[in-house]
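Trainee: this is a predicted model, with the sequence first.
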Amino acid sequence: MTMREFLQLFATPEFYAMILQLATPLVFAALAALVSNKAGVLNIGIEGAMVSAALAAALFSTLTGSAMLGVLAGVFAGILMGLFFAFCTVRLRTNHILVGIATNILAAGLSVFVVYAITGNKSDYPGIAMTPWNVPLLKDIPLIGEVFFTEVNPLVYLAIVAVFAVRFLFRRTVLGVRILAVGKNEAAAASVGISTDRVKTIALLIAGGLAGFGGAYLSLGYMSSFNTGMVAGRGFIGIAAEAIGAGNPVATALFAVLFGAVNAFSLAAQTFPSFTIPYELLNTLPYLTTTAGLVIYSVIRYRKLHPRLAKKEIKQ
Amino acid sequence: MKRLSAFVSRLCSWFKSQFTSRHLLTALIEGGRTLIAILIAYLVAFAVIGFVSDDPEMAIRWFVFGPLSSPTEFGEVLKNATPLLFAGIAACLIIKGGNFNMFTEGAFYAGGLIAALAAIYFDLSGILAIIIPLACGTLAAMLIGYIPAKLKAKYEVNEFVSSIMFNFIVMWIGVWLISNVVIDVTSGDNATAPIPDASRLRILFENTNVTTGLLIALGVAVVAYLYMFRTRFGFRLRMTGDNKAFARSVGIDVGRAGVSSQILGIGVAGLGGGLAILANYHRFNWKTLPGFGFDGFMVAIIAKNRPLLVPFAALFIGYLRSGADLMAFNTDVAQEVVQIIQGLILILVASEAFFSSAWFRGVIAKRMFRRKQLAPVGGVDDHA
Amino acid sequence: MKDGVDLDGSLVDNATAAIRDDRQFNIGPFQSDRKLDAYAKRLAERYEVRHESLREPIRHLSGGNMQKVVCGREISACKTVLIADQPTRGVDVGSVRTIHDHIELLRQHGKAILLISSDLSEIRTLCRRAIVLHQGEIVAHIDDLAAYTEEELGLYMLGLKRQRTTEAGS
């Protein structure tokens, strides 16, 4: 691929529209990770919640004939998964990570099982895609209009709203402050009369709902069917984005968008015939950048925590 | 004679020290808890089967009794259990060291791929045809696994997330290799050339697919037990996993202990991947991750992180798998029902509150020794 | 307390944690369980650790007994210097005596011991020299503890009296 073609890629509005599409589920996943993390729970089950939400959304969209109801079903499935996670961690007091692993195993198994029971095949289930929005007037703005206001899935806007809603939750609401308190120091929170179990459960339900939007978007927005491997580690990438964003919703979302951009690049580059890197290797790009981002963030944090050590190393 | 009696008395005192009454009670309770968890999971699975199947009785019969119906079928159980045994041991080592490194999954893939390639391209003969590929696969897995482990120890990079990213990276590189670089076009598939006969493992029992890999797996379980509970390195590993601050305060290099536990676990997983390929595959053709990594964590949890119990847990999961395969083959229920059972068992067994031993001990103590004034429910542990 | 024991580890694990690398407990790569058990048993007897079995998790022991295990481990493993920070807090009276005796024994063997304590009687029984701190500042160097009365020491501790800087700094 020549330099010109490479630049051409970045000049097309389609590329940026693709970034929006690919970033949306990651933003939802990252926000879900953020809300549960603020409550002191490392929620690995987000991946599983997204899988079941994606399936529920596809299922109910064809069942009811309405994409909107499908999305609602997806969100509901996500919330149910959040409830399950909360029940296991809060009531049964099972290790978070193990519950996460179990949720993911369960969701992966259950989704294939359900698809097979209904259709007789194990890979996909058709859904009814949501109708994308065209915002009148705004869509006529060159480039920006094409990217942000032409044929855009409503859930993309919702993702943007959700970022600020989460920010608002932790800045301005009692519930948000309580979640923060429980996450920071559970014993202290309990001692001032906060029901820590309840607050944790609510946080996990919110996280489940957010993951549900992400899953529903995958099967009804990004595609118009449910495929068994479609979440493909997006929940985990969301967790990584949250870790790098260090608990700030806007920063978290920006990192999710960055990972979405890398994903978009790896997909778009495959369509260029003269581009010689095979698609399998391009597929590693999102995971590579996520790891790299996580490492860079951790190194910076480490340097901050151990300033003297770091200086010594630099001198050497 | 004198030495013998001394030996016997030593054995007796050892047993006494191992199993006091409270000890035995705890072990019984733990075992019972696991059984109850399995029972609940089974009931849920039966309900699900009953819901989707046209002939639930037939499905359940295949699921439960199918694996035991003939030696060949039981051979399938053992075959399925072998990689799970490796995965379980790997997870034991990693969990006991206090980490959640999921690269065991990628290690299975990398170990299998590299072992297959080494077998094909070195084309050795005799025992070397098996040992060298396995060693290559194990080393390759350990080398890649070193990266997330070291990053965790040095910079506290979350090993769970980074190792999962590494899984995907390894898988895609592997898929690229088998569909472009080492592809054998005559196979009609994205797969390597056939693995030479010299490198294939020998069948252990006639009419089954059980190979010598099973014996190696059992050997690994014993070695892992000796390492974890009978050497000073194992001691460092366990202390680091239980309580890092304590380990540091008694002079253990916790970073190094954590890294070595992860590397060893990943090495075991890599060996398991290599053996799985040499035992049961004609060519290497994995296009997705095999899933053994996650399964291994479940096996380890069911076995309470004890290497010597892992073979039993692996056997159980292997039995579940074979039953589900038979059920899927003969009836209209998909074998993924197993994952429902597995997920439920994992949660219930790992739960601290589900029929917890403190709860049990309280109830039993009340029943049995009502006259004695005993601590209330959970009281035994409260002094700690 | 949290850093002193591994609650999930057995009594043996905790009692022998500091001497695991010692050559006499290792045969090649393996550890001699017999010797480790014997060591732990001896330690439990010497320090009167009330326990049911050597193998049970140490979390079944009471806090005082855990403390005795920690003291026993560190005192037994001491090579040249022992820093003991509040070694007898939370321990029952009889065992305080045992721990004090062992620290005393260590001193007789010529080991250096730095005792940090807020228990004046403990300091008076164990120490020859003392440094009195008040709000993080050294207020007195005492070379011969027996020559001072409790009242005098009390005044130093409360910061009501302090040695002249030259004296304190010496």
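Mentor: Okay, I see it.

Trainee: quick one: secondary structure of C:Leu133?
Mentor: Put simply, C:Leu133 is strand when judged by DSSP: H, G, I helix; E, B strand; the rest coil.

Trainee: specify the beta-bridge partners of it.
Mentor: C:Ile138 (DSSP bridges).

Trainee: where does pLDDT dip in chain C?
Mentor: Where chain C drops to pLDDT under 70, the residues are C:1-2, C:164-170.

Trainee: now the closest residue to chain A within the stretch 51-200 of chain B: which helix or strand?
Mentor: Ranking the residues of the stretch 51-200 of chain B by distance to chain A (Cβ to the nearest Cβ) places B:Trp176 first, at 3.5 Å. C-betas here are computed from N, CA, C, even on glycine. Applying DSSP states H and E as the criterion places B:Trp176 in helix B:159-176.

Trainee: who does that helix touch, helix- and strand-wise?
Mentor: helix A:234-245, helix A:279-283, helix A:285-305, helix B:104-122, helix B:128-155 (3 or more Cβ pairs under 8 Å, 6 or more residues apart in numbering or on different chains; DSSP states H and E).

Trainee: can I get the ones you listed in TSV including mean pLDDT?
Mentor: Shown next, in TSV, are the helices and strands packed on helix B:159-176 (pLDDT from 0 to 100):
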stretch	mean pLDDT
helix A:234-245	88
helix A:279-283	85
helix A:285-305	88
helix B:104-122	91
helix B:128-155	91
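
Trainee: for chain B, what are the nearby residues on the stretch 201-316 of chain A?
Mentor: Proximity of the stretch 201-316 of chain A to chain B, by Cβ under 8 Å from any Cβ of the partner chain, involves residues A:229, A:232-233, A:236-237, A:239-240, A:243, A:278, A:280-281, A:283-284, A:287-288, A:290-291, A:294-295, A:298-299, A:301-302.

Trainee: repeat for chain C
Mentor: Counting by Cβ under 8 Å from any Cβ, chain C sits next to chain B at C:2-9, C:13, C:17-18, C:20-21, C:26, C:29-31, C:33, C:37, C:52-56, C:58-63, C:66.

Trainee: can I get the buried part of these as one ChimeraX selection?
Mentor: Buried residues within the residues of chain C next to chain B, by 16 or more other Cβ atoms under 10 Å in any protein chain shown, are selected in ChimeraX with:
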select /C:4,5,6,7,9,13,17,18,20,26,31,37,53,54,55,56,58,60,61,66
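
Trainee: can you flag which of the residues of chain C next to chain B belong to helices?
Mentor: The members of the residues of chain C next to chain B that map onto helices under DSSP state H are C:Asp13, C:Asp33, C:Asp37, C:Gly63, C:Met66.

Trainee: hmm, which two among those residues are most spread apart?
Mentor: Longest distance between any two of these is 27.5 Å, between C:Asp33 and C:Gly63; criterion Cβ to Cβ.

Trainee: from chain C, how far out is A:Asp197?
Mentor: Using Cβ to the nearest Cβ, to the nearest Å, A:Asp197 is found at 24 Å from chain C.

Trainee: hang on, I meant A:Ala207
Mentor: 30 Å.

Trainee: count the neighbours of the closest residue to chain B within chain A for me.
Mentor: Here the residue of chain A nearest chain B is A:Gly109; by Cβ to the nearest Cβ that distance is 2.3 Å. A:Gly109: 22 surrounding residues under other Cβ atoms under 10 Å in any protein chain shown.

Trainee: so for it, what's the pLDDT?
Mentor: At A:Gly109, the pLDDT value in this model is 88.

Trainee: longest helix anywhere in chain B?
Mentor: What stands out as the longest helix in chain B, according to DSSP H, is helix B:21-52.

Trainee: which helices and strands sit right next to that one?
Mentor: So helix B:21-52, by 3+ Cβ pairs under 8 Å, 6+ apart, packs with helix A:96-119, helix B:56-65, helix B:337-350, helix B:357-368.

Trainee: what sits up against the shortest one?
Mentor: Residues external to helix B:56-65 that are found in contact with it (Cβ atoms under 8 Å, 6 or more residues apart in numbering or on different chains): B:45-46, B:49-50, B:53, B:323-324, B:326-327, B:330-333, B:337.

Trainee: of the residues you listed, grab the buried ones for ChimeraX.
Mentor: In ChimeraX syntax, the buried subset of these is picked out as below (16+ other Cβ under 10 Å):
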select /B:45,46,49,53,323,324,326,327,331,332,333,337
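
Trainee: quickly check the contacts of helix B:56-65 for the two that are furthest apart.
Mentor: B:Gly50 and B:Leu326 (17.8 Å).

Trainee: low-confidence ranges, the stretch 101-250 of chain A, go.
Mentor: For the stretch 101-250 of chain A (pLDDT under 70), the answer is none.

Trainee: for it, which segments count as helices?
Mentor: Applying DSSP state H, counting those that start in this stretch to the stretch 101-250 of chain A gives helices spanning A:144-148, A:154-172, A:174-184, A:186-191, A:196-217, A:234-245, A:249-270.

Trainee: which elements pack onto the fourth one?
Mentor: Secondary-structure packing of helix A:186-191 (3+ Cβ pairs under 8 Å, 6+ apart): helix A:174-184, helix A:196-217.

Trainee: the last one vs helix A:234-245, what angle?
Mentor: For helix A:196-217 against helix A:234-245, the angle by axes from the mean of the first three to the mean of the last three Cα atoms, to 10 degrees is 120 degrees.

Trainee: returning to what we had before: and among the helices and strands packed on helix B:21-52, the most buried is which?
Mentor: Comparing these by mean neighbour count (mean count of other Cβ atoms under 10 Å in any protein chain shown), helix B:337-350 comes out on top with a mean of 25.

Trainee: what's the distance between A:Phe127 and chain C?
Mentor: One correction, residue A:127 is Gly, not Phe. A:Gly127 is 48 Å from chain C, by Cβ to the nearest Cβ.

Trainee: wait, that residue touches A:Gly65, no?
Mentor: No. When contacts are counted by Cβ atoms under 8 Å, A:Gly127 is not listed as touching A:Gly65 (11.1 Å).

Trainee: higher neighbour count, these two?
Mentor: Higher neighbour count among A:Gly127 and A:Gly65: A:Gly127, with 26 against 10, using other Cβ under 10 Å.

Trainee: okay, now C:Gln163: neighbour count?
Mentor: Using other Cβ under 10 Å, the number of residues around C:Gln163 comes to 16.

Trainee: would you turn the contacts of helix B:56-65 into JSON lines with pLDDT and distance to C:Glu48?
Mentor: As requested, these are exported to JSON lines (pLDDT from 0 to 100; distance: Cβ to Cβ, whole Å):
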{"residue": "B:Ala45", "pLDDT": "89", "distance to C:Glu48": "53"}
{"residue": "B:Phe46", "pLDDT": "90", "distance to C:Glu48": "55"}
{"residue": "B:Ile49", "pLDDT": "87", "distance to C:Glu48": "59"}
{"residue": "B:Gly50", "pLDDT": "87", "distance to C:Glu48": "61"}
{"residue": "B:Ser53", "pLDDT": "82", "distance to C:Glu48": "65"}
{"residue": "B:Gly323", "pLDDT": "90", "distance to C:Glu48": "55"}
{"residue": "B:Ala324", "pLDDT": "89", "distance to C:Glu48": "56"}
{"residue": "B:Leu326", "pLDDT": "90", "distance to C:Glu48": "61"}
{"residue": "B:Met327", "pLDDT": "89", "distance to C:Glu48": "60"}
{"residue": "B:Asn330", "pLDDT": "87", "distance to C:Glu48": "66"}
{"residue": "B:Thr331", "pLDDT": "86", "distance to C:Glu48": "66"}
{"residue": "B:Asp332", "pLDDT": "81", "distance to C:Glu48": "68"}
{"residue": "B:Val333", "pLDDT": "83", "distance to C:Glu48": "62"}
{"residue": "B:Val337", "pLDDT": "86", "distance to C:Glu48": "57"}
